[in-house]
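Visitor: Sequence below, structure please.
(one chain, ligands or ions: 1)
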Amino acid sequence: MTADRNRRFQRADATDLDRMVSGQFSLEIACKGCGKRLVVDPLPLLRLAVLKRWPRNIIQLGKHLRCRCGRNHPALMAVDEAAVSPSIGIIDEGSFNALKKRLRR
Ligand SMILES: [Zn+2]
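Guide: Now for the predicted structure:
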């Protein structure tokens with residue numbers, strides 16, 4: 001199997017945020033309602049999902065997200081391109097740890 005083909009299989013298999021982060025893929029968030037499309041770093045959203053106990057599977061996670069255009073849940077997918085949109089979630093490790101501590105009390 002060529003490296004390129006292997007990478008495509010790996011991408012198809014990245015159906016949760018954990019595998020997306022470990023495979024160094026970006027997360028595409030697309031709204032069918034208005035056509036808006038974001039490409040973000042999945043790690044800040046993974047941190048948020050961990051703290052909120054949201055599912056990390058992209059099908060289930062999509063139900064927790066909503067597009068600003070209305071009531072649409074976006075479709076999520078791993079993509080092999082650079083994250084160009086502003087991050088969604090918890091950007092730095094420091095605020096993640098602070099929030100985790102606060103939630104434990
Ligand atoms: Zn929309």
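
Visitor: Pull the contacting residues for the residue most central in space within the chain.
Guide: Nearest to the mean C-alpha position of the chain, by Cα atoms, centre = their mean, lies Pro42 at 3.8 Å. Taking Cβ atoms under 8 Å, 6 or more residues apart in numbering, we find Pro42 in contact with 17, 20-21, 25-27, 78. Yep, even glycine has a C-beta here, placed from its N, CA and C like the rest.

Visitor: Point out the ones among those that are inside strands.
Guide: Residues of these located in strands (DSSP state E): 26-27, 78.

Visitor: can you pull the buried residues of the helix or strand where Leu76 lies?
Guide: Using DSSP states H and E, Leu76 maps to strand 75-79. For strand 75-79, burial by neighbour count (16 or more other Cβ atoms under 10 Å) applies to 76-79.

Visitor: now swap in stretch 29-36 and tell me
Guide: Within stretch 29-36, the residues that qualify as buried are 29-31, counting by 16+ other Cβ under 10 Å.
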